[in-house]
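A.B. asks: return atomic coordinates for the entry below.
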Amino acid sequence: MAKIDQVEIAQIDIAPKVVRTDAIQSFVTQETVMVTVRCDDGSTGTGYTYTIGTGGSSIVALLQDHLAPRLIGRDPQHYEAIWRDLFFHTHATAVGAITSLALAAVDTALWDRNARVAKLPLWQLAGGAQSRVPVYTTEGGWLQIPQAQLVEQTLAAQAAGFLGAKVKVGKPHVAEDIARLSAVRAAVGPGFELMVDANQSFTVSEAVRRARQYEAIDLAWFEEPMPAEHVRAHAQLLASTSVPVAVGESMYHLSQFAEYIQQGACSIVQADVARVGGITPWLKIAHLAEAHNIAMCPHFLMEIHVSLCAAVPNGRWVEYIPQLDDLTTSRLQIESGYAVAPSTPGLGIEWDPAQLKARRKFEPLVVRG
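C.D. replies: The predicted structure follows:
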């Protein structure tokens, strides 16, 4: 039985490749916090988590002071027991973003190690439901982009083979949103999927108003229309429109997704593997959604979500936003509009050691037994 005898913690900050602005915020810097577990049999696994500009140092501190020491001497294959132990050890700060993000760095490292030892790619170890998943792009739909450029970029995405594109909404008046969306729909035609994302910016009355205006554009979904804590408001919205409602980016625990599903407050689940605490809880959320005939269309992190969507039968879409290109030698493989699950053992992410060393904020923190 292998045991973990060392944990390394590092942070690498990455500037977004394009300006990313939505209705409530800007994506300033991707703080990428990485965890590598090393075992006494020589096996290793590397996992990661992220923020969009704040909280990285808090995640590092939580890992170094409270989580990593509890990994020493543990069997890395006991990821369920480890996740539960770490969650309850930090229960005073759960459920919260910093705790969940820190747990994800550990959990993804364990899954990477176990898949490598099994000589299996993650998507097969976790279920192996499908080898490829449709992919849509978000990288051209940011709110600050002028209408003509928005149309041009969406047409370029369609020509590049993407099967859909997401457009940010939340302009001061609904007429501005409609003008932008109508122009895009007219350009791409009826066979190309369009998703919209409000990033929690609306009240329930405004969300209902806008959803009814959006109906004529034939949207794949209306994402994060209101703050995530307002479950009943989402149920009201869903009951008032034919537009599917997608939630999950700003939710951090399985129970939150269960409440949405139980109250009939969402059509699509968008669990983010980092924000829900890792692969272990992500798979539970995916199967919960599957049991209610709801699609899983996860937020961000395409490099790992391609494998997780391939692992489950209800993985419907992978969101294309290049995130790790500066730190990896691997790239998301896309064929005829479908993201192809990696065939290499582990997470399917090949890190570039030279870039990791050159870009890290500090010397790796090492926790030993």
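A.B. asks: after the helix or strand where Tyr136 lies, next one along is what?
C.D. replies: Element membership of Tyr136, judged by DSSP states H and E, is strand 132-137. Under the assignment DSSP H and E, the closest C-terminal helix or strand after strand 132-137 is helix 147-159.
A.B. asks: what distance separates that next one from the centre of its chain?
C.D. replies: 24 Å (C-alpha atoms, centre = their mean, to the nearest Å).
A.B. asks: does anything pack onto that helix? Which helices or strands?
C.D. replies: If you count contacts as 3 or more C-beta pairs under 8 Å, 6 or more residues apart in numbering; DSSP states H and E, helix 147-159 packs onto strand 164-168, helix 174-188. For every residue, glycine as well, the C-beta is placed using N, CA and C.
A.B. asks: give me the contact list for the strand holding Tyr136.
C.D. replies: 157, 162-166, 193, 195, 302, 306, 309-310, 315-321, 332, 334-335, 337-341 (C-beta atoms under 8 Å, 6 or more residues apart in numbering).
A.B. asks: and with 6 Å instead?
C.D. replies: Strand 132-137 has contacts (C-beta atoms under 6 Å, 6 or more residues apart in numbering) with 157, 162-165, 309-310, 315, 317-318, 320, 334, 338-340.
A.B. asks: what is the neighbour count of the residue lying closest to Asp352 once chain neighbours are set aside?
C.D. replies: Spatial nearest neighbour of Asp352, excluding adjacent residues (C-beta to C-beta, 6 or more residues apart in numbering): Thr329 at 5.2 Å. Using other C-beta atoms under 10 Å, the number of residues around Thr329 comes to 12.
A.B. asks: could you find the closest non-adjacent residue to Ala126?
C.D. replies: Per C-beta to C-beta, 6+ apart, closest to Ala126 is Ala311, 3.7 Å.
A.B. asks: if I look at that neighbour, how far off is Tyr136?
C.D. replies: 19 Å (C-beta to C-beta, to the nearest Å).
A.B. asks: ok, back up a step: which residues touch the residue nearest to Ala126?
C.D. replies: Ala311 neighbours (C-beta under 6 Å, 6+ apart): Trp123, Ala126, Gly127, Ala129.
A.B. asks: how about a cut-off of 8 Å?
C.D. replies: Ala311 touches Leu122, Trp123, Gln124, Leu125, Ala126, Gly127, Gly128, Ala129, Leu283, Ala286, counting by C-beta under 8 Å, 6+ apart.
A.B. asks: now the buried members of these.
C.D. replies: The neighbour count (16 or more other C-beta atoms under 10 Å) marks Leu122, Trp123, Gln124, Leu125, Ala126, Gly127, Ala129, Leu283, Ala286 as buried among the contacts of Ala311.
A.B. asks: just name the closest of those to Val367, please.
C.D. replies: Leu122 (24.7 Å; C-beta to C-beta).
A.B. asks: what separates the residue nearest to Asp352 from Met296, distance-wise?
C.D. replies: Distance from Thr329 to Met296, by C-beta to C-beta: 28 Å.
A.B. asks: likewise Pro76?
C.D. replies: In terms of C-beta to C-beta, Pro76 sits 26 Å off from Met296.
A.B. asks: what about the closest residue to Ile14 other than its chain neighbours, neighbour count?
C.D. replies: Excluding the flanking residues, the one nearest Ile14 by C-beta to C-beta, 6+ apart is Gln30, at 4.4 Å. Applying other C-beta under 10 Å, we find 21 residues neighbouring Gln30.
A.B. asks: who's in contact with Gln30?
C.D. replies: Asp13, Ile14, Ala15, Pro16, Tyr50, Thr51, Ile52, Gly53, Gln323.
A.B. asks: filter the residues you listed to the buried ones?
C.D. replies: The buried subset of those - by 16+ other C-beta under 10 Å - is Asp13, Ile14, Pro16, Tyr50, Thr51, Ile52, Gln323.
A.B. asks: from the contact counts, what lies against the longest helix along the chain?
C.D. replies: In the chain, taking DSSP state H as the definition, the longest helix is helix 97-118. Applying 3+ C-beta pairs under 8 Å, 6+ apart, one finds that helix 97-118 makes contact with strand 30-39, strand 44-51, helix 56-62, helix 79-89, helix 122-125, helix 279-291.
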